[in-house]
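Student: sequence and predicted structure below; questions after.
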Amino acid sequence: MRCLKSFKNILSYLVYKSLIPSKDGDEILLQFKQFLDKVVKCSFSDFKTLDHKEQRLDTFLCQYFSVDKEKYRKLWDIIKMILILSHGQATVEREFSLNKALEVENLKENRATLLKE
């Protein structure tokens with residue numbers, strides 16, 4: 001399973017960066033396997049048809065994790081961490097886009113001014 005291998009890599013990285021204790025890695029991996037087997041398999045059509053443009057991923061996942069909060073508590077903490085990390089650069093990238101738009105607009109104004117002179 002590709003998702004299991006990817007999740008193992010994520011856990012290894014988080015342990016390597018000391019973001020989670022190494023002793024928790026196996027427990028979190030076990031919770032992930034159980035979540036796949038018990039939750040995702042039962043609601044596979046919901047997961048497969050999730051429209052990212054219509055529904056936020058954190059809200060979608062929260063409804064499944066909230067059913068048995070304590071059973072998947074450490075896994076949910078990792079999922080939240082991953083969701084935060086994936087958006088970590090969004091603000092910076094948005095600023096680059098804004099700066100680029102302003103720069104283009106300023107260049108247009110400067111060019112128009114130079115042409116008038």
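Tutor: Happy to help now that I have it.
Student: where exactly do the strands run in the protein?
Tutor: Here the chain has no strands by DSSP state E.
Student: from Thr59, how far out is the most centrally placed residue in it?
Tutor: Centroid-nearest residue in the chain, with C-alpha atoms, centre = their mean: Leu83, separated by 2.8 Å. Using C-beta to C-beta, to the nearest Å, Leu83 is found at 11 Å from Thr59. All C-beta spots, glycine's among them, are computed from the backbone N, C-alpha and C.
Student: and if you look at Ser12?
Tutor: Taken as C-beta to C-beta, the span from Ser12 to Thr59 is 28 Å.
Student: neighbour-wise, which of those two wins?
Tutor: Applying other C-beta atoms under 10 Å to Ser12 and Thr59 shows that Ser12 carries more neighbours, namely 12 against 8.
Student: which stretches of this structure have low pLDDT?
Tutor: For the chain, the stretches with pLDDT under 70 are 85-117.
Student: can you give me the helices in it?
Tutor: Ranges of helices in the chain, per DSSP state H, are 2-16, 22-35, 44-48, 57-65, 73-86, 90-116.
Student: count of neighbours near Lys38?
Tutor: Neighbours of Lys38 under the rule other C-beta under 10 Å: 14.
Student: please name the residues that touch it.
Tutor: Lys38 sits next to no residue when contact means C-beta atoms under 8 Å, 6 or more residues apart in numbering.
Student: mind checking how far it is from Ser6?
Tutor: Counting by C-beta to C-beta, the gap from Lys38 to Ser6 is 20 Å.
Student: swap in Ile78?
Tutor: Taking C-beta to C-beta, one finds Ile78 at 13 Å from Ser6.
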